[in-house]
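Peer 1: I'll drop the sequence and a predicted model, then ask my questions.
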Amino acid sequence: RERQRQRDQFRKIKAVLSSFQRSKTPGQTCTPAEAAHGATWPRKSEFVKKTGSCTVVLTMDRHGTVVLGSATEFGSVRFNPTQYVQSLATEHTTLPQLQGHRDRVLAFEQRNSKALKANVYKNYTQYIETSKEISKLEAEMFELSSLMTEQAAVFRGLGDMLATGSVPGLEELRQHISVKNVRGLSQSHPLLTGDCVHHSRLNQLDSDTLITRCQVHAFLLPGSIVVARYTSDNMDTPQLQLEFIFALVDLRVSDVPESPVSGHMFGVRRNNDYWLFSAPSAADKMTWVSSLRRARRASDTEPEELATLEEEGEDDSTTARGTRQAEGDSRWLQNAPEDIDVCLAQRAFEDAVDLASRARTELEFLKSPRLKKVQEALETIVARLRAALVRELERPGLRPMAVRRATQQLQRLGEPELACTKYLQNWSKTIQLEFRKLKMEGATELYVKKLSRSFFDMIRATATEFRLLFDAPTQSAYLVWAEAEVEVFCQTFARQVLQSSTTPIATTAECMHTVVTYARGLTDAGLDLEFVLWKVLSPRLNEELDLAGKTWMGHVALHLLDETWQRQKFGGLMARQFTEQMKRCGVQQPDDYLEQRECVLFEATVVFCSTSFDFLASCSRLYHPTTRECILSHVCKLFSVFMTKLCQAFNESSLFQTNVTFVWDVILDNARRVLQKVHGCPVPQLEDLAVSLQRMWEDASSDSDVSHF
């Protein structure tokens, strides 16, 4: 609002400046003598000009140019733009200066307009939310005002009651209201039989929000109930309009537990329709509930059955007295299906299961033919309760506490297998939901680490909860489920790591090592799922190892083709790089192979040492009985090929003896040490390889034919 006021002031200033410029000629000054005196002004001066009731602050520089005042001055309520412009025209101002001042006013107005728009755009969402919140608060305050008015009327009525000792006009009002006063109800209706048993004023509530919809007056007849709505608030001459009339045999009455929120409520259900009423007091509520149930039982009992019961009572009074006492104690059984239905509607599953268990126990104890209908109704409502619990467990994203609660209630209903199945299925959906949340962002190793941590942590949590919820005979079902989930995890792992042909074997080995480490962590919880991982992933890992072995062999063969079998000469930092590379490959004394700036090792030997070290490092993490044969076959084949090439190029030079000794004592020894560490004992294939290589070199050095190699 402040910016808008400033914007209006700027428009007025612009209009006055425009009109003033049209009234002056170019170059004309207001006072020539005073204009000449402007050269002696300081760098910037301020003048206070009072025009009428408006005070204007002018700032002028050393050239006599008038500078704009502050935004607070322009936004003042008492600011007069006409007087402000007139004050500018009388202070030694030329027409170019006024034009420049007008341009500055326009620029100031544009900046102010942009700032206003930016402020509106920036806070647009906040403005909308604030307006909604204000509207909501206004509605709540209006409702609070209405409630306070009603409470004040109640307090005044209570004061009158305490003063007089009785409720004025209550008996006269109750006598004045009758079912005959209900408009829209025919007096010849077939359900209007007998005198009114009970009637009073009630509040009809919304079953979802518990907000009062309207005030009604209910009439209880021997075989029906009439509910009429008040159409006039005048208590002297009340007007009632028929809401509904139903037979009691079609209705079910439920007693809603009292609380500070619900008040004195009870419900009435007919098929799929449900009405919720609130009584003025707890006594009135209990009167209605007991009267409705008593009238419904009376309407269910046929006259012939009553006569039979009377005759049996006259013949055997002792037996009849015991039967009536047992049936009197179990009257709540007739209302149990209705109460369970109410608990089901309120999602109070624990209370519903408690009532169902208690009712089943009582029915098994009594075994009365008269309770057959009650038993059928109970089984029907229990089936609905079971279906509701199953739907609860099938909901995605359910909290763990809610999952445990629904599982326990299903077991109490006598469905342990169904509870176990739905519980594990819910966890399967939760795991898949967590998998979808993880996205491949950058490094594959980081994604696999997050995936493994999330999956195996949920498997561990599920194992702990499963032992608490279910008995020992069902543990086998959990193991089957865990194995199936590990197979699904392996499929996800294979899609992200093993399907890409560009993934190096080192990355695959690192990811597999991470997964195996997390799987071994489940041994603390009594689970060993590592064998499932290797069973599912071994075929794909063998393919990756075979591809990596062929790549290794091709790389070494390429260097063997270009090898000149001469010393390597290093220049610059190449000697230091050679030393660091050999130390990384496990060579203890790399300087022994350097003579000044020359290396006694062939280039192919150095490449073979480096690539074999990388390949064996990856194989050590992928070493398993299912992958052992593939790894050893590639290692033996490549050592044989390299030694064969050395034998074929042998020319009785000492360099060949040095390279063969390096391959024998360093590279092969490193391979035996690495594979023996993961194998647990010496590898027979490598021992046979050492003997074969030794015989091969002895044949070559004895000038024998090596073409068969």
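Peer 2: It's in.

Peer 1: From now on I want contacts and neighbour counts done on CA atoms only, so please keep to that.
Peer 2: Fine.

Peer 1: for the stretch 351-500 of the chain, what are the low-confidence residue spans?
Peer 2: 366-370, 442, 500 (pLDDT under 70).

Peer 1: can you give me the helices in it?
Peer 2: 372-394, 400-412, 416-437, 444-469, 475-493 (DSSP state H, counting those that start in this stretch).

Peer 1: Mind checking those for the one nearest to Ala690?
Peer 2: Of all the helices of the stretch 351-500 of the chain, helix 444-469 sits nearest to Ala690, with 36.2 Å by C-alpha to C-alpha.

Peer 1: Quick one: work out the angle between the closest one and helix 416-437.
Peer 2: Angle of helix 444-469 versus helix 416-437, following axes from the mean of the first three to the mean of the last three C-alpha atoms, to 10 degrees, is 160 degrees.

Peer 1: one step back: would you mind saying which of the helices of the stretch 351-500 of the chain lies nearest Val641?
Peer 2: Of all the helices of the stretch 351-500 of the chain, it is helix 444-469 that lies closest to Val641, at 33.8 Å by C-alpha to C-alpha.

Peer 1: any chance of the helices of the stretch 351-500 of the chain in a markdown table, plus distance to Met574 and mean neighbour count?
Peer 2: Shown next, in a markdown table, are the helices of the stretch 351-500 of the chain (distance: least, C-alpha to C-alpha, whole Å; neighbours: other C-alpha atoms under 10 Å):
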| stretch | distance to Met574 | mean neighbour count |
| --- | --- | --- |
| helix 372-394 | 66 | 17 |
| helix 400-412 | 61 | 18 |
| helix 416-437 | 48 | 17 |
| helix 444-469 | 32 | 16 |
| helix 475-493 | 41 | 16 |
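
Peer 1: Quick check: buried residues in stretch 503-521?
Peer 2: 505-516, 518-519, 521 (16 or more other C-alpha atoms under 10 Å).

Peer 1: do stretch 627-641 as well
Peer 2: Applying a neighbour-count criterion of 16+ other C-alpha under 10 Å, one finds 627-628, 630-632, 634-636, 638-640 buried in stretch 627-641.

Peer 1: Could you dump the helices of the stretch 351-500 of the chain into TSV and include distance to Glu563?
Peer 2: Formatted as TSV, those follow (distance: least, C-alpha to C-alpha, whole Å):
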stretch	distance to Glu563
helix 372-394	67
helix 400-412	66
helix 416-437	50
helix 444-469	36
helix 475-493	41
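
Peer 1: of all those, which lies closest to Ile177?
Peer 2: For Ile177, the closest of the helices of the stretch 351-500 of the chain is helix 372-394, at 37.0 Å, according to C-alpha to C-alpha.

Peer 1: among the helices of the stretch 351-500 of the chain, which is nearest Phe246?
Peer 2: Nearest to Phe246, of the helices of the stretch 351-500 of the chain and by C-alpha to C-alpha, is helix 372-394 at 20.6 Å.

Peer 1: could you pull out the helices for the stretch 201-350 of the chain?
Peer 2: Using DSSP H, counting those that start in this stretch, the helices found in the stretch 201-350 of the chain span residues 282-300, 303-315, 317-329, 332-345, 349-366.

Peer 1: Show me the buried residues of stretch 627-641 that map onto helices.
Peer 2: 628, 630-632, 634-636, 638-640 (DSSP state H).

Peer 1: mean pLDDT lowest for which of the helices of the stretch 201-350 of the chain?
Peer 2: Mean pLDDT values for those show the minimum at helix 303-315, a mean of 40.
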